[in-house]
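A.B. asks: Sharing a model prediction with you, sequence too.
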Amino acid sequence: MTGFRFASPEWLLLLLLLPVLVWRHRAVERRRAASVDFPVAMALRQMPATLAARLRPLLLVARLIGLACLIMGLARPQAGHELRQRQADGIDIMLTLDVSSSMELSDLDQGQKTRLQAAKEVVADFVRGRISDRIGMVVFAAQSFTQCPLTLDYGVLLQFLDGIQIADQSWDGTAIGMAMINAVNRLRESTAKSKVVILLTDGVNNAGEIDPLTAANLAAAVGIKVYTIGVGSDGVIRRPVRGPFGVRYQTVQVEIDEDILRRVADITGGRYYRATTERKLDEIYQEIGRLETSAITARVSVNYAERYAWFLWPGLALLLAETALANTRFRRLP
């Protein structure tokens, strides 16, 4: 944003003298008209007015504009460009996603998407909505590993998110506790004002050396808040199974350990959510985003440059031209 100001505005008071000059000029003209006329002068006035005579009043206009420009130049006009700097106290967030085989179930929104597909789309929208937070990602099945360390490069993070696949049979399972420990280790040395883990799973902890409650206590000890999300429905669900003769469906029993997820959230000061549709899942991430916001402050500075030359030189030119013309081409006879 551009700005304009006068560094010495008190000089602008001299503009009040310009009407006085106009009044004085008219008074002189009236006295000149009331003076005694000689026969020769009267004869000259009866002659048609020349172009120079008709244009002579413009000398007063030039003088007034010239003086006004000089006065504005003395007031030191300055033009500036406004700079806004945004500062934010960022939050460090570790997104922790379950990629076990049950995340391949298509029980969200009439089977249009798998649980993992819906989660990836919602998480991507969540990442795009952040401003200055460092975000990392942990994925887990029976084992846990860091998909992306904490970063401000959301483009790279989204590329890693897009590349997430369902775990193969060799490391299938659900190690919630180990996933939390992995995320906590990534946040433990963080100096951010707020450190958050958002853990999404659709199962029960059945792998890993550390149980979720132990991991929750460790997270609470280092000031890390854990939001837990249970995604999918309970009960019996038809699951696609790929085989040598194509895809067949088998009935599987699905269970989410809501009690453990709720206790993990309570221990760390977070919240537990349940999502049975993609829309609900999106609402959950939006709510977490509102709960964990960065305090943004704006600092405004303006760089000003002197612009007195814009008025000084035109003013001098007008006054010099007025003086020269008044004593030559527009000179008045006595």
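C.D. replies: That came through fine.
A.B. asks: Going by C-alpha atoms from here, please, whenever you check contacts or count neighbours.
C.D. replies: Fine.
A.B. asks: And the residue nearest the centre of this protein?
C.D. replies: Nearest to the mean C-alpha position of the chain, by C-alpha atoms, centre = their mean, lies I131 at 7.3 Å.
A.B. asks: can you confirm that one is in a helix?
C.D. replies: No - read with DSSP: H, G, I helix; E, B strand; the rest coil, I131 is coil and lies in no helix.
A.B. asks: before we move on, could you check phi and psi at it?
C.D. replies: For I131, the backbone dihedrals are phi -120, psi -60 (criterion: degrees, to the nearest 10).
A.B. asks: Look at it and report its pLDDT.
C.D. replies: In this model, I131 is scored at 83, pLDDT.
A.B. asks: What's the separation between it and D92?
C.D. replies: For I131, the distance to D92 equals 12 Å [C-alpha to C-alpha, to the nearest Å].
A.B. asks: Ok, H25 next?
C.D. replies: Distance from H25 to D92, by C-alpha to C-alpha: 75 Å.
A.B. asks: of those two, who's got more company?
C.D. replies: D92 (25 against 12; other C-alpha atoms under 10 Å).
A.B. asks: Please identify which helix or strand holds the more buried one.
C.D. replies: strand 91-98 (DSSP states H and E).
A.B. asks: Check which helices and strands that strand is in contact with.
C.D. replies: strand 134-140, strand 144-151, helix 176-187, strand 194-201 (3 or more C-alpha pairs under 8 Å, 6 or more residues apart in numbering; DSSP states H and E).
A.B. asks: so how far is the very next helix or strand once past it off the chain centroid?
C.D. replies: Sequence-wise, the next helix or strand downstream of strand 91-98 (DSSP H and E) is helix 115-128. Computed by C-alpha atoms, centre = their mean, to the nearest Å, the chain-centroid distance of helix 115-128 equals 22 Å.
A.B. asks: For helix 115-128, C-alpha coordinates in CSV please.
C.D. replies: Output in CSV follows, covering the C-alpha atoms of helix 115-128 (Å, rounded to 0.1, in the frame of the first residue of the first chain):
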residue,chain,number,x,y,z
ARG,A,115,-10.8,-45.1,4.8
LEU,A,116,-7.3,-44.3,3.9
GLN,A,117,-8.3,-42.4,0.7
ALA,A,118,-10.8,-40.3,2.7
ALA,A,119,-8.2,-39.7,5.4
LYS,A,120,-5.6,-38.6,2.9
GLU,A,121,-7.9,-36.1,1.3
VAL,A,122,-9.0,-34.6,4.6
VAL,A,123,-5.5,-34.4,6.0
ALA,A,124,-4.4,-32.7,2.8
ASP,A,125,-7.0,-30.0,3.3
PHE,A,126,-5.9,-29.6,6.9
VAL,A,127,-2.3,-29.1,5.8
ARG,A,128,-3.3,-26.5,3.2
